[in-house]
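Participant: With the sequence up front, the predicted model follows.
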Amino acid sequence: MIAASLAACLFLYLHISSQQFAVNNKLKRTDQGAYLEFAKRAYESGFTYTGGRARMPLFPWLQALFYSPEMSDEAFFAQGKQVNIAISLVALATLGCLFFSQLPRLYAVYALAVISYLFFALKAPYFQAEILYYALFAFAFILSINAIQKPRWYKTVGLGLLLGLAQYSKASAILCLALYSCSYLVPFALEFGNQRLNARELLRMAAHALAPVFIFTLLLSPYFIESKQRYGQYLYNVSTTLYIWYDSWDEVKAGARAAGDREGWPNLPDEEIPSLAKYLAERSAGDILNRFSTSLHRFLQSINWYGLPFHICVGILLLVGCLASGLPGGQNRISRADLHLCLYLMAFFAAYSLSTIWYWPIVQAPRVTLMILIPFFWVLGLALKSLPIASLEKPAIGNALTRWHVIYALVYLVTFFQIYEMAAFRSAENYAGG
């Protein structure tokens with residue numbers, strides 16, 4: 001029975017992916033052609049080419065492993081899409097093990113259905129790094145929560161490795177590393193305030209906070225050193241260093257990109273180099289708020305095609321309900337570990353939501369913001385497991401079905417209808433690579 005269910009799920013996933021595979025028939029569309037050329041140059045250079053700091057090298061290097069000079073660009077493009085589908089299946093299998101082993105079964109089925117059929121199946125048949133990054137970033141985030149809840153040295157080492165690999169896929173993981181390490185200021189402040197801090201405890205917290213930073217830096221040090229030599233900054237990336245301080249892609253093309261930002265530091269006068277200080281000096285608070293509100297509106301419009309706004313709204317309502325229901329056992333005081341984790345999660349979602357929405361005018365697509373979708377579903381699952389909403393445990397129909405079952409039935413119904421629409425119509429008609 002289980003084998004038949006898994007086979008049916010796999011068939012449906014491949015059906016949606018194959019339809020989107022056919023829609024994605026132009027290798028030059030979006031940045032797929034750039035990734036393809038990156039992979040070819042990586043192969044030709046013996047995997048020493050690391051790119052022009054617009055795209056990170058891990059995904060092109062993986063694709064280059066399957067490249068041969070006899071292949072045409074079209075053949076390599078088709079093969080690369082197939083490789084990415086395989087990567088997505090490995091990622092989903094791993095996520096499935098994590099969700100089913102750590103979260104309630106009914107919830108795990110729902111969350112994985114949304115992630116698989118309304119998200120991964122559409123992003124997989126592309127010659128782009130997103131699927132690889134989403135997976136590595138999600139694994140790192142899940143491990144970061146576990147490392148805070150139950151600190152162990154091997155977890156912090158693993159976290160540094162996963163965040164390093166995620167950074168090699170997309171230059172966005174370093175923010176998570178900074179948030180995780182800085183979050184240890186919370187237990188430090190609590191211990192210091194209670195005057196209980198001793199040298200051993202301080203050393204333990206410092207080790208858990210800094211070990212991932214050390215592993216991350218060690219893993220990326222060759223890349224950082226090359227960036228310093230070629231571009232003048234260890235953390236140079238055209239998107240996070242420069243483009244984020246423009247208001248549109250047209251400004252990017254006329255500014256730093258036209259000034260050779262991918263060959264070296266852009267050839268512009270110092271006063272024309274985009275930066276936070278320059279942006280704040282030239283814009284009003286109203287301009288900044290308008291950028292956020294406009295970008296958020298367009299982001300929600302863009303993900304409506306995936307059917308995700310419904311699930312995000314349901315998830316937020318359930319999270320609020322969990323928090324309102326209180327802590328397990330009716331505790332009135334939150335523990336130090338719980339406070340540490342809560343503040344870390346609040347900082348994580350606030351920082352990534354604001355930064356990716358801010359970047360929307362440049363990329364004009366939900367690709368970047370969707371990185372927090374799997375973390376969102378994971379946190380929601382943990383909340384439902386540890387902070388159940390008491391009022392929803394009451395019987396709704398007889399003594400067999402609770403209000404939870406009714407909610408799950410409604411959510412499942414909407415989800416299955418969306419998957420049907422995706423499999424029957426949308427995946428064969430719309431381009432999901434933007």
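Facilitator: On my side now, so go ahead. Residues are numbered from 1 along each chain as shown.
Participant: For the protein, give me the ranges with low pLDDT.
Facilitator: 191-197, 326-334, 390-391, 393, 395-400 (pLDDT under 70).
Participant: Geometrically speaking, which residue is the centre of it?
Facilitator: The structure's the chain has its C-alpha centroid closest to residue 371; by Cα atoms, centre = their mean the separation is 2.2 Å.
Participant: you'd agree it is up against residue 133?
Facilitator: Yes. Residue 371 lies in contact with residue 133 (Cβ atoms under 8 Å); the separation is 6.7 Å. For the C-beta atoms, the positions are set from N, CA and C on the backbone; glycine is no exception.
Participant: Check the contact lists of those two and give me the overlap.
Facilitator: 170, 172 (Cβ atoms under 8 Å, 6 or more residues apart in numbering).
Participant: Contact partners for the residue nearest to the centre of the chain?
Facilitator: Residue 371 sits in contact with 133-134, 137, 170, 172, 352, 356, where contact means Cβ under 8 Å, 6+ apart.
Participant: what about the nearest residue to residue 215 once chain neighbours are set aside, how many residues close to it?
Facilitator: Distances taken as Cβ to Cβ, 6 or more residues apart in numbering put residue 160 closest to residue 215, at 2.7 Å, once the chain neighbours are dropped. Using other Cβ atoms under 10 Å, residue 160 has 24 other residues around it.
Participant: What of residue 243?
Facilitator: Quick note: residue 243 (other Cβ under 10 Å) scores 22 neighbours.
Participant: For it, give me its contacts.
Facilitator: 252, 256, 274, 359, 362.
Participant: The first one touches residue 362, doesn't it?
Facilitator: To tie it back to what came earlier, the one meant is residue 252. Yes. Between residue 252 and residue 362 there is a contact under Cβ under 8 Å: 6.3 Å.
Participant: Those two: who's more crowded?
Facilitator: Under the neighbour definition other Cβ under 10 Å, residue 252 and residue 362 were set side by side, and residue 252 has more, 22 against 19.
Participant: hmm, back to that, tell me the one of the contacts of residue 371 nearest residue 71?
Facilitator: Of all the contacts of residue 371, residue 133 has the smallest distance to residue 71: 24.8 Å, by Cβ to Cβ.
Participant: Now do the host helix or strand of the residue nearest to residue 215: which elements does it pack against?
Facilitator: Residue 160 is part of helix 153-169, with elements assigned from DSSP states H and E. Packing partners of helix 153-169 (3 or more Cβ pairs under 8 Å, 6 or more residues apart in numbering; DSSP states H and E): helix 58-64, helix 130-149, helix 173-182, helix 199-231.
Participant: For these, give me CSV that also has mean neighbour count.
Facilitator: Shown next, in CSV, are these (neighbours: other Cβ atoms under 10 Å):
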stretch, mean neighbour count
helix 58-64, 22
helix 130-149, 22
helix 173-182, 20
helix 199-231, 15
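Participant: Can I get the ones you listed in JSON lines including distance to residue 105?
Facilitator: Shown next, in JSON lines, are the helices and strands packed on helix 153-169 (distance: least, Cβ to Cβ, whole Å):
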{"stretch": "helix 58-64", "distance to residue 105": "33"}
{"stretch": "helix 130-149", "distance to residue 105": "18"}
{"stretch": "helix 173-182", "distance to residue 105": "28"}
{"stretch": "helix 199-231", "distance to residue 105": "32"}
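Participant: Compare those helices and give me the one nearest residue 291.
Facilitator: So among those, helix 173-182 is nearest, using Cβ to Cβ, at 19.1 Å.
Participant: how many degrees apart are that closest one and helix 130-149 in direction?
Facilitator: Between helix 173-182 and helix 130-149, the angle comes out at 0 degrees (axes from the mean of the first three to the mean of the last three Cα atoms, to 10 degrees).
Participant: residues in contact with helix 173-182?
Facilitator: Outside helix 173-182, the residues touching it (Cβ under 8 Å, 6+ apart) are 136-137, 140-141, 144, 147-148, 159-160, 163-164, 166-167, 209-210, 212-213, 216, 235, 344, 347-348, 351-352, 355.
Participant: what angle sits between the helix holding residue 160 and helix 173-182?
Facilitator: Going by the same axes, to 10 degrees, helix 153-169 makes 150 degrees with helix 173-182.
Participant: Alright, that wraps it up for me.
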